[in-house]
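Chemist: All I have is the shape, not the residue letters:
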């Protein structure tokens, strides 16, 4: 016997009573069937409801051949009348996301003549896939249109249709449908075959916010948030913008321009530092001219700077230039010979003796070691 689906008659039903028809032990607790239920089973991209049945936690719900199965954490008595309670925060969030997706998909498909070929409601993000190329700028126009539709608070019409009556309706569907088909209509925005739960009026969606659009297969994948999720996300990003603005002494809405200005100043500073570093390295190299093999210790530097110093010294010292930059027992190193002589054996011995890793070719090697300065000095005395 098919389960009576109370959520179709009233998607805002939070509590109900039902008779337990069966209860079987399974891998993850017990599987319970009822004569009727307000728990929505996973389907159509919408996750299942959670909640309780006489205090037993309902952790998953799925449907097969019209029968709805409830996964619960403990057994309930067969034949007993039980009270069910829906996790309303979870359900309403799903209704906001699903209804917002309908509004956006309807407007997008109407504008581009494309199809919604994928829909997934994750715990954080909702994604929709379309078989069309949709530029971000035009997507933002649709976002504005969708939010205006939400603010106008349109009633939503949900009815079952079949036969000639169904054939007369222009609705979206991923596949041909027969029999009783549930049509969810957002007048002026969308009309779609759908098994999910929805809000009663568009205003209950709250708002929609597109986060991104990326190339995906033959079209695009859009990320969006609706309702409370969108509000929470925008509130968090506003707090971030406010903090950034405080650090930059600007208003939150001016933070982007201030960051761009700061990036320009940082780029100029990096160029100046690179010039000063090059001059310092040239001076160090001059002091090592003609000294043959040279071992130098420097304060911590980026690997690229270590390489540049070793290169500058190797060109004038007439032997192997070994530069170690760091402190304590961690050093980045660079070894180089201007004549290109093979130093692979020395590098292998260095890494083995000083717990290092790295390598190179054509008379140059770079890496790091875990050893004290005294151990490094002792190694090069023996070499």
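Modeler: Great, that's in hand. The model shown is predicted, which means the values in this text are computed figures rather than measured ones.

Chemist: The helix or strand that contains residue 294 pairs with which strands, and in what direction?
Modeler: According to DSSP states H and E, residue 294 maps onto strand 292-298. Strand 292-298 pairs in its sheet with strand 318-327 (parallel), by DSSP bridges.

Chemist: Centre of the chain to the strand holding residue 294, how far?
Modeler: For strand 292-298, the gap between its own C-alpha mean and the chain's C-alpha mean amounts to 47 Å (CA atoms, centre = their mean, to the nearest Å).

Chemist: Start at 12, not 1
Modeler: In the new numbering, first residue 12, that becomes strand 303-309.

Chemist: Quick check: which helices or strands does the helix or strand that it is followed by pack against?
Modeler: Remark: after strand 303-309, the chain's next helix or strand is helix 314-328, criterion DSSP H and E. Contact partners of helix 314-328 among helices and strands, from 3 or more CB pairs under 8 Å, 6 or more residues apart in numbering; DSSP states H and E: helix 266-298, strand 303-309, strand 329-338, strand 341-348, strand 375-381. Yep, even glycine has a C-beta here, placed from its N, CA and C like the rest.

Chemist: on that earlier part again, in the strand holding residue 305, what's buried?
Modeler: Buried residues in strand 303-309, defined by neighbour count with 16 or more other CB atoms under 10 Å: 305, 306, 307, 309.

Chemist: now swap in stretch 256-268 and tell me
Modeler: Across stretch 256-268, burial judged by 16+ other CB under 10 Å covers 256, 259, 261, 263, 266.

Chemist: One more: stretch 101-119?
Modeler: In stretch 101-119, counting by 16+ other CB under 10 Å, buried: 102-119.

Chemist: residues in contact with residue 93?
Modeler: Applying CB atoms under 8 Å, 6 or more residues apart in numbering to residue 93 gives the contacts 28, 29, 30, 31, 45, 64, 65, 87.

Chemist: Just put these in TSV and tack on distance to residue 94 and secondary structure.
Modeler: Shown next, in TSV, are these (distance: CB to CB, whole Å; DSSP: H, G, I helix; E, B strand; the rest coil):
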residue	distance to residue 94	secondary structure
28	6	strand
29	8	strand
30	12	strand
31	11	strand
45	11	strand
64	7	strand
65	6	coil
87	11	coil
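
Chemist: Buried members of these into PyMOL, please.
Modeler: This is the PyMOL syntax for the buried subset of the contacts of residue 93, where burial follows 16+ other CB under 10 Å:
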select buried, resi 29+31+45+64+65+87
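
Chemist: Closest one of the contacts of residue 93 to residue 379?
Modeler: Nearest to residue 379 among those is residue 64, at 59.3 Å by CB to CB.

Chemist: just checking, next helix/strand downstream of the strand or helix carrying residue 103?
Modeler: Using DSSP H and E, residue 103 maps to helix 99-123. Moving toward the C-terminus from helix 99-123, the first helix or strand encountered (DSSP H and E) is strand 127-132.

Chemist: Okay, angle between that next one and helix 99-123 too, please.
Modeler: 160 degrees (axes from the mean of the first three to the mean of the last three CA atoms, to 10 degrees).

Chemist: Please spell out which residues along the helix or strand hosting residue 175 are buried.
Modeler: Residue 175 is located in helix 174-178, with elements delineated by DSSP H and E. With burial defined by 16+ other CB under 10 Å, the residues of helix 174-178 counted as buried are residue 177.

Chemist: Kindly report the same for stretch 80-97.
Modeler: Buried-residue list, stretch 80-97, by 16+ other CB under 10 Å: 80, 81, 82, 83, 87, 93, 95, 96, 97.

Chemist: Mark which of these are part of strands, please.
Modeler: Members of these lying in strands (criterion: DSSP state E): 80, 81, 82, 83, 93, 95, 96, 97.

Chemist: and those, which two are the farthest apart?
Modeler: Longest span within these, CB to CB: 80 and 96, 18.0 Å.

Chemist: ok now stretch 162-182, how far from the chain's centre?
Modeler: That offset, for stretch 162-182, works out to 35 Å (CA atoms, centre = their mean).

Chemist: and if you look at stretch 139-158?
Modeler: For stretch 139-158, the distance to the chain centre is 19 Å (CA atoms, centre = their mean).

Chemist: gap between the two ends of it?
Modeler: End-to-end distance for stretch 139-158, by CA to CA, to the nearest Å: 17 Å.

Chemist: do stretch 68-88 as well
Modeler: 15 Å.

Chemist: which outside residues touch that stretch?
Modeler: Contacts of stretch 68-88 with the rest of the structure, by CB under 8 Å, 6+ apart, involve 12-14, 16, 31, 34, 36-37, 39-45, 48, 50-54, 59-65, 67, 93, 95.

Chemist: Counting only helices, which of those make the cut?
Modeler: Assignment to helices by DSSP state H places none of these there.

Chemist: Drop anything exposed from those residues.
Modeler: For the contacts of stretch 68-88, buried by 16+ other CB under 10 Å: 14, 16, 31, 34, 40-45, 48, 50-52, 59-65, 67, 93, 95.

Chemist: looking at this, residue 242 is in a strand?
Modeler: No: per DSSP: H, G, I helix; E, B strand; the rest coil, residue 242 lies outside any strand segment and is helix.

Chemist: per-residue pLDDT, the most centrally placed residue in the chain?
Modeler: Using CA atoms, centre = their mean, the residue of the chain that lies closest to the mean C-alpha position is residue 136, 7.7 Å off. Note on residue 136: pLDDT of 95.

Chemist: Repeat that for the one 5 residues further on.
Modeler: Residue 141 is assigned a pLDDT of 96 by the prediction.

Chemist: circling back: contacts for the helix holding residue 175?
Modeler: Contacts of helix 174-178 (CB under 8 Å, 6+ apart): 188, 192, 194.

Chemist: Is it possible to mark the buried ones in these?
Modeler: Buried among these (16+ other CB under 10 Å): 192, 194.

Chemist: Dump the contacts of helix 174-178 to a markdown table, plus secondary structure, pLDDT and distance to residue 379.
Modeler: As requested, the contacts of helix 174-178 are arranged in a markdown table below (DSSP: H, G, I helix; E, B strand; the rest coil; pLDDT from 0 to 100; distance: CB to CB, whole Å):
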| residue | secondary structure | pLDDT | distance to residue 379 |
| --- | --- | --- | --- |
| 188 | coil | 84 | 63 |
| 192 | strand | 93 | 66 |
| 194 | strand | 94 | 65 |
